[in-house]
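Engineer: need a 3D model of the sequence below.
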Amino acid sequence: MVEINKNLKRITIALLGKQLNLDMCEQHLVLGMGAVRYRDAYYIKKPVGEIWLFEYGVLVGWDLEEHDRQQFCYEINAIIEGAESRPVLEQYAYSIDITRPFNIHHDSLDIPNDEPLTRLGLSHAFAQSAKLGFFEEKALQLIQENAYISKQLAETGKVSLNRRDLAKLRGVLFDTSSDITLHFNLLDTPEFFWDYPELEADYLRMAKYLDLMPRIEIMNKKLETIQRLLDMLAEQQYHKHSAFLEWIIIILIAVDIVIYFFD
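Structural biologist: Numbers count the residues shown, from 1 in each chain. Prediction:
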């Protein structure tokens with residue numbers, strides 16, 4: 001996290017939750033707060049600074065006072081689905097200098113103009129990075145919590161879970177993997193740049209600085225690990241079911257033999 005000095009303005013990124021309730025956004029944000037929508041982002045001008053609120057639950061504040069951020073988050077809590085009890089915060093710094101081109105150095109941005117849409121273009125990269133961080137943590141936690149399964153298979157050749165627990169665990173793994181995969185398109189180049197292609201170059205520089213592409217590649221590897229774990233559990237569940245059926249057949253044959261000899 002960059003140290004903000006008095007000569008620089010502050011950028012605050014906060015992951016507020018899973019996503020916005022889109023049915024409530026028009027009433028709450030546009031009509032209630034005067035927000036302006038730019039595809040998947042809402043622009044809210046404050047007396048000091050501005051807020052860009054993204055549909056996938058990330059807030060990016062430019063030159064925003066901390067008490068204003070907290071007050072705004074309190075006011076929109078009702079439209080946040082899967083709200084974080086303690087939003088994850090990141091901070092960067094920026095300055096506006098029309099004599100210099102766009103530049104990033106040591107978490108500090110030099111911006112050549114004071115246009116809100118320029119800041120929106122950069123906010124897309126910040127918001128995607130925050131959301132990717134959420135996916136990364138979710139996938140890593142899932143892998144760590146279930147690492148014992150592969151160890152058990154390596155040591156004993158089987159998993160010490162009954163069929164019901166195996167089915168439940170497969171459901172949890174599949175649900176998490178599907179949730180990440182379905183929302184992974186959030187990390188594509190935003191549609192905003194179809195309308196404002198002149199702003200895409202700065203966005204791509206910001207995305208490169210935040211290592212979005214390498215992190216996405218690592219994320220895909222984690223998803224592959226989860227999928228392999230799902231496949232192993234599916235195979236184990238199949239073997240347990242087959243063994244169960246074999247025992248039923250053996251018991252039925254034994255009963256049939258007993259009946260035959262004692263009839």
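Engineer: and Phe184, what's its pLDDT?
Structural biologist: pLDDT, Phe184: 69.
Engineer: and for Gly82?
Structural biologist: 91.
Engineer: isn't it right next to Leu20, touching?
Structural biologist: No: judged on Cβ atoms under 8 Å, Gly82 makes no contact with Leu20 at a distance of 10.4 Å. Quick note: C-beta positions are derived from backbone N, CA and C, even for glycine.
Engineer: what touches both of those two?
Structural biologist: Taking Cβ atoms under 8 Å, 6 or more residues apart in numbering as the criterion, Gly82 and Leu20 both touch Gly57.
Engineer: between the two, which has more neighbouring residues?
Structural biologist: Each of Gly82 and Leu20 has its neighbours counted (other Cβ atoms under 10 Å); Leu20 has more, 23 against 9.
Engineer: and the more buried one, what does it touch?
Structural biologist: Taking Cβ under 8 Å, 6+ apart as the criterion, Leu20 is in contact with Leu53, Phe54, Glu55, Tyr56, Gly57, Ile79, Ile80, Glu81.
Engineer: how near is the fourth one to Ile251?
Structural biologist: In this structure, Tyr56 and Ile251 are 54 Å apart, going by Cβ to Cβ, to the nearest Å.
Engineer: next, count neighbours for Asp110.
Structural biologist: Neighbours of Asp110 under the rule other Cβ under 10 Å: 15.
Engineer: so is it in a helix, a strand, or just coil?
Structural biologist: Three-state assignment for Asp110 (DSSP: H, G, I helix; E, B strand; the rest coil): strand.
Engineer: hey, what's it bridged with?
Structural biologist: Note on Asp110: beta-bridge partners by DSSP bridges are Ser95, Asn103.
Engineer: show me which residues of the helix or strand where Phe174 lies are buried.
Structural biologist: Using DSSP states H and E, Phe174 sits in helix 163-182. By neighbour count with 16 or more other Cβ atoms under 10 Å, helix 163-182 contains the buried residues Leu166, Leu169, Arg170, Leu173, Thr176, Ser177, Ile180.
Engineer: mind giving me the packing neighbours of it?
Structural biologist: Using 3 or more Cβ pairs under 8 Å, 6 or more residues apart in numbering; DSSP states H and E as the contact test, the elements touching helix 163-182 are helix 116-145, helix 212-262.
Engineer: rank the ones you listed by mean pLDDT and give me the bottom one.
Structural biologist: helix 212-262 - the lowest mean pLDDT of these, at a mean of 71.
Engineer: returning to what we had before: which of the contacts of Leu20 lies closest to Glu66?
Structural biologist: Proximity of these to Glu66 (Cβ to Cβ) peaks at Leu53, which lies at 16.5 Å.
Engineer: so what does the closest one look like in phi/psi?
Structural biologist: The phi/psi pair for Leu53 (degrees, to the nearest 10) reads phi -110, psi 120.
Engineer: before we move on, what about the one 10 residues further on?
Structural biologist: Geometry field for Asp63 lists phi and psi as phi 50, psi 40, criterion degrees, to the nearest 10.
Engineer: look up how far Tyr56 lies from the nearest residue to it once chain neighbours are set aside.
Structural biologist: Computed as Cβ to Cβ, 6 or more residues apart in numbering, the closest residue to Asp63 that is not its neighbour in sequence is Gly49, at 3.8 Å. As judged by Cβ to Cβ, Gly49 and Tyr56 stand 22 Å apart.
Engineer: who's in contact with Leu64?
Structural biologist: So Leu64 contacts Arg10, Thr12, Lys46, Val48, Gly49, Glu50, Ile51 (Cβ under 8 Å, 6+ apart).
Engineer: for ChimeraX, what selects the buried ones among those residues?
Structural biologist: To isolate the buried ones among the contacts of Leu64 in ChimeraX, judged by 16+ other Cβ under 10 Å, type:
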select :10,12,46,49,50,51
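Engineer: now for the helix or strand hosting Tyr74, which elements pack on it?
Structural biologist: Per DSSP H and E, Tyr74 falls inside helix 66-75. Helix 66-75 is packed against strand 9-15, strand 58-62, with contacts defined by 3+ Cβ pairs under 8 Å, 6+ apart.
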